[in-house]
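[1] predicted model and sequence below, questions to follow.
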Amino acid sequence: MNAVEIEAAISDLAFQPFDAAEFPFAFLAAFGNKDTALKRLRTGNNNVSDVPGGVLQRNNIHIAVCAEGSVGQTLNALRASPATTKAKAKFILATDGLTLEAEELTSGETIACAYPDFPNHFGFLLPLAGISTIKEIKDNPIDVRATSKLNKLYVELLSENPDWASNERRHDMNHFMARLVFCFFAEDTDIFNDEGLFTRTVEQMSERDGANTHEVLETIFRAMNIKTDERVNAQPRLPVWADRFPYVNGGLFSGSTEVPHFTRIARAYLLDTGGLNWKQINPDIFGSMIQAVADDEERGALGMHYTSVPNILKVLNPLFLDDLRAQLTEAGDNERKLLNLRKRIARIRVFDPACGSGNFLVIAYKQMREIEAEINRRLGKTQLGSEIPLTNFRGIELRDFPAEIARLALIIAEFQCDVLYRGQKDALAEFLPLDAQNWIVCGNALRLDWLNICPPTGTSVKMVADDLFGTPLDQSEIDFKNEGGETFICGNPPYLGSTWQTDEQKADLQAIFGNRAKNWKSLDYVAGWFMKAADYGAKTNAAAAFVSTNSICQGQQVPILWPLVFSTGNRIAFAHASFKWANLASHNAGVTVVIVGLSSQTKSLRRLYSVAGNGKNDVMDVKEIEHINAYLVPGADVMVEKLPRPLGGQAEMTKGNQPTDGGHLLLSHDEAQALVLTADQSRKFICKILGSAEFIRGLERYCIWARDEDAVEISSIASIAGRLQAVKKMRLDSIKAATVALANVPHRFGEIRQSGDETVMIVPSVSSESRDYLPVGYMEPGAIVSNLAFALYDAPLWNMALIASRLHLVWIATVCGKLETRYRYSNTLGWNTFPVPLLTEQNKADLTACAEAILLAREVHFPATIADLYDPDNMPENLRHAHERNDEVLERIYIGRRFKNDTERLEKLFDLYTKMTEAAAKTKPAPKATMGKAN
């Protein structure tokens, strides 16, 4: 479940008559607990509560329903309960159906409210669903609650008006929703000069069955598009009840005022939504959630597209806000310096070419207003209006509804800032009518010319439209106010790896990269934004920073994209190494991202931010360094390329054995049994075979395996002979000459790299990115490795300690990249390039002991599979300890201590890689000179 679904569930619960016996289970169900878990609690099997009327869910919450008036005492009893402590409950909650109190035990934070009002505190309770508590939601849940209610209204209206769901009418539907959002906000913030005017008018003037609700809304919308002094002559005349609404226009209420037809339920949803306190709406997070309301594909993940303010600031702060704050600090109370800073801020242009509903633009605007307000305070001029124009905040968005919401969010943000810094009276005096200028362009950012939308200083352009949302794209854009400023490009563009791109998106990338790179088809979609930003920065004074999946700084995409970006004169000015970009889904199924800042302006030091430790917390380290390379590692620009043999002293790793058999040499367990071989034949000709899946998941698979000297014998076994004939036919039918040549030896695999008598270390070619360590196994002689894995044959065991280390995992993740989201291993690119310092015999002995300890720790849990053992949430402590010990021993060999985090690991590895490759190049023998024939 996501946050919006949870809000809807607990709102329904609070609305229903209170049932003391059922409440604890209904409450837990609202937070996503399955029926099976609730059934066990109901029967008492899992309920170990020691408080009367209590239900205790381990590692989660202790709930008790109590007699009227005893909520406080019951909460104290829950807090003091030994069962609460023993079960490691995170929350306690008590209610009598009239009031409700709860406490988060780790922080001591509490809530107390009337029972019907507890959905207002759902943000406080989100950890019960595995969703990390996010401050903006916890402190002010209106955004999620409004999203939930608007979604119900939207779905109900489309059910009643299916034609409004068509492509032709979807724009009208979305425009209608934008109008509602404005009305809900305006009636709660005195913009309508009468609190609750909109909702109250709809309630009074519309029929309870909803039959005429559309007519009432159409009249209200029409009123807000007629200037006050023109209303007397308006035809048809406005009714008195509609004349109370002010003139708004600004394109929001121009054009058609048609409204979809309402049902009784839709009318109830509308009034319910209007009943929320929209004064507290937070435009910097609200927009990103409600844009999913109007998108069929996104509605299933409603609320998951929330972007937290701290994450947005990870982009904006190092891009330009930190510099503004530093200048403010340096200015102190110096009037000249303060005025210069205010002038600079007023000229700044912020441009988001994938703006969605405007999150980045809104946050940038609010942060800049905060700095400007502090300047005015120091100058003693707090009454001054803002010199920061909204039209200096530009955006491009592909879909029309988010584009409309982006502009509306900026308008709301401007009003809230005016109220905060100038007061309600001055804010209201200048708010209406809305400006008709459109500075959010609806279109394909990878096909539009950014220099036309956000032109260089000195370029004069203008656009004013009667109907904001109907403005054609071929019109010129609006003049920037306060010429001469810097441009900062930012945002969170769509990622989309090459596998998931549509033909149209492929064409977008081809338009950008087709004439620059041969293998551009391997690039993520987001690469287009980085290239466009680099091209833009080469022509004007600008810096850019985007959020991206970390894949653009890993593996095969690095040598494709980054040389092109660097060729424009741009360099990486700052970066955030990989971290989780969480959302509001249960258990925070966020994506791993990086933030990369580009600039053509030279700076002496560049900042590299990274998550402290092994990425398990939100604490950030920052290093000021001279250069950041394309892998987001301190150091010179380097492209890691495949090597034919290991760079260090580690053993050679090869691909496994490839059958090239049409499947006839491979056997399931039942198929192997069906051959009905003697014990001697089975031992001689049937081997266990393992690829990635077999090794990780413990699957049983076998193969027919025979030496050439045994060809006649195996061909005489009737149950096998038919399979060998099928192999021969498959190979003869091949169009490849090499495969046809193998038809004479159908008992043999097409590619053989082992005899079957060796010890083998197996490394899966693809494995889950969720594991803390790469899976690697050690097998006694007799097992065959397929071509779906890599293998080291008869290699010293200390090699396993290298592969099983955190060091090797971060190297593989960085230089090999991923297949979809999984680690993709490569012997030539990952193992052969892995920089291993010269190891002493003692080093090798220590690492061998570490590898043995890992293997022994696994044995304790037999028959658990590798998938079971390396589940990050359930990894056995003895196995984790063995890996920790292995990491410590190995990392001390590299630097004499444990590394602080993965960024430091990569910094050392790249430094060592550079030195080792340079040394190898110097020792490589020069080509022999040849005697030339005289002319």
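    Noted; the coordinates are in hand. Numbering: from 1, shown residues only.
[2] grab the most central residue of the protein for me.
    residue 591 (3.2 Å; CA atoms, centre = their mean).
[3] is that residue bridged to anything, and to what?
    Residue 591 has the following beta-bridge partners by DSSP bridges: residue 581.
[4] pull up the distance across stretch 785-804, start to finish.
    18 Å (CA to CA, to the nearest Å).
[5] from here on, call the first residue 35.
    Renumbered: residue one is now 35, and that last one reads stretch 819-838.
[6] mind listing what's buried along it?
    Buried residues in stretch 819-838, counted by 16 or more other CB atoms under 10 Å: 819-827, 829-838. For every residue, glycine as well, the C-beta is placed using N, CA and C.
[7] same question, stretch 844-859
    Result for stretch 844-859 [16+ other CB under 10 Å]: buried residues 844-853, 856-859.
[8] show me where the stretch 735-884 of the chain has its strands.
    736-738, 794-798, 800-801, 811-813, 818-819, 823-827, 852-853, 856-858 (DSSP state E, counting those that start in this stretch).
[9] quick one: the ones you listed as a markdown table, columns for distance to residue 522 and mean pLDDT too.
    Output for these, formatted as a markdown table (distance: least, CB to CB, whole Å; pLDDT from 0 to 100):
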| stretch | distance to residue 522 | mean pLDDT |
| --- | --- | --- |
| strand 736-738 | 59 | 95 |
| strand 794-798 | 43 | 95 |
| strand 800-801 | 39 | 86 |
| strand 811-813 | 50 | 93 |
| strand 818-819 | 52 | 96 |
| strand 823-827 | 45 | 96 |
| strand 852-853 | 30 | 66 |
| strand 856-858 | 35 | 80 |
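[10] closest to residue 421 out of those?
    strand 852-853 (46.8 Å; CB to CB).
[11] thought residue 851 was touching residue 864?
    No. Using CB atoms under 8 Å, residue 851 is not in contact with residue 864; the gap is 9.7 Å.
[12] how many residues are close by the residue nearest to residue 559 when sequence neighbours are not counted?
    Among residues not flanking residue 559 along the chain, residue 530 sits closest, at 3.7 Å (CB to CB, 6 or more residues apart in numbering). If you count neighbours by other CB atoms under 10 Å, residue 530 ends up with 18.
[13] for residue 530, give its distance to residue 342.
    22 Å (CB to CB, to the nearest Å).
[14] with residue 78 instead?
    40 Å.
[15] quick one: contacts of stretch 191-203?
    Residues outside stretch 191-203 that contact it (CB atoms under 8 Å, 6 or more residues apart in numbering): 204, 206, 207, 294, 295, 296, 297, 300.
[16] whichever of the residues you listed end up buried, select them in ChimeraX.
    Selection of the buried residues among these in ChimeraX, burial being defined by 16+ other CB under 10 Å:
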select :204,206,207,294,296,297,300
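[17] between the contacts of stretch 191-203, which is nearest residue 149?
    Once CB to CB is applied, the member of the contacts of stretch 191-203 that ends up nearest residue 149 is residue 300, at 27.5 Å.
[18] show me where the stretch 85-234 of the chain has strands.
    88-91, 95-99, 125-129, 133-138, 144-148.
[19] residues in contact with residue 459?
    Residue 459 touches nothing, counting by CB under 8 Å, 6+ apart.
[20] at 10 Å what do you get?
    Going by CB atoms under 10 Å, 6 or more residues apart in numbering, residue 459 touches 224, 453.
[21] check residue 287 too.
    Contacts of residue 287 by CB under 10 Å, 6+ apart are 209, 213, 216-217, 254-260, 279, 281, 467-468, 501-502.
[22] now those residues: which count as buried?
    209, 213, 216-217, 254-260, 279, 281, 467-468, 501-502.
[23] by mean pLDDT, point me to the weakest helix or strand of this structure.
    helix 330-333 (a mean of 55; mean pLDDT, DSSP states H and E).
[24] just to revisit the earlier point, in a markdown table, list the contacts of stretch 191-203 along with pLDDT and distance to residue 566.
    Output for the contacts of stretch 191-203, formatted as a markdown table (pLDDT from 0 to 100; distance: CB to CB, whole Å):
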| residue | pLDDT | distance to residue 566 |
| --- | --- | --- |
| 204 | 85 | 28 |
| 206 | 89 | 32 |
| 207 | 89 | 31 |
| 294 | 96 | 38 |
| 295 | 97 | 44 |
| 296 | 97 | 44 |
| 297 | 96 | 46 |
| 300 | 95 | 42 |
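[25] mind picking the two most distant members of the contacts of stretch 191-203?
    The farthest-apart pair in those, when distances are taken by CB to CB, is 204 and 297, at 19.8 Å.
[26] residues contacting the closest residue to residue 738 other than its chain neighbours?
    What sits nearest to residue 738 in space, not counting adjacent residues and going by CB to CB, 6+ apart, is residue 699, at 4.7 Å. Counting by CB under 10 Å, 6+ apart, residue 699 touches 693, 723, 736-740, 754, 757-758, 760-761, 780-784.
[27] so what's the backbone phi/psi at residue 644?
    Main-chain dihedrals, residue 644, degrees, to the nearest 10: phi -150, psi 150.
[28] now name the helix or strand holding the nearest residue to it once chain neighbours are set aside.
    Closest residue in space to residue 644, ignoring its immediate chain neighbours: residue 937 at 3.7 Å, by CB to CB, 6+ apart. Under the criterion of DSSP states H and E, residue 937 resides in helix 936-957.
[29] what about that helix, distance to the chain center?
    Mean-position distance between helix 936-957 and its chain equals 31 Å (CA atoms, centre = their mean, to the nearest Å).
[30] which other helices and strands contact it?
    strand 605-615, strand 640-645, strand 654-659, helix 840-849, helix 911-929 (3 or more CB pairs under 10 Å, 6 or more residues apart in numbering; DSSP states H and E).
[31] again, only using 6 Å
    Helices and strands touching helix 936-957, as assessed by 3 or more CB pairs under 6 Å, 6 or more residues apart in numbering; DSSP states H and E, comprise helix 840-849.
[32] and the helix it packs on, what does it pack against?
    helix 936-957.
[33] next, the angle helix 911-929 makes with the helix it packs on.
    Counting by axes from the mean of the first three to the mean of the last three CA atoms, to 10 degrees, helix 936-957 lies at 50 degrees to helix 911-929.
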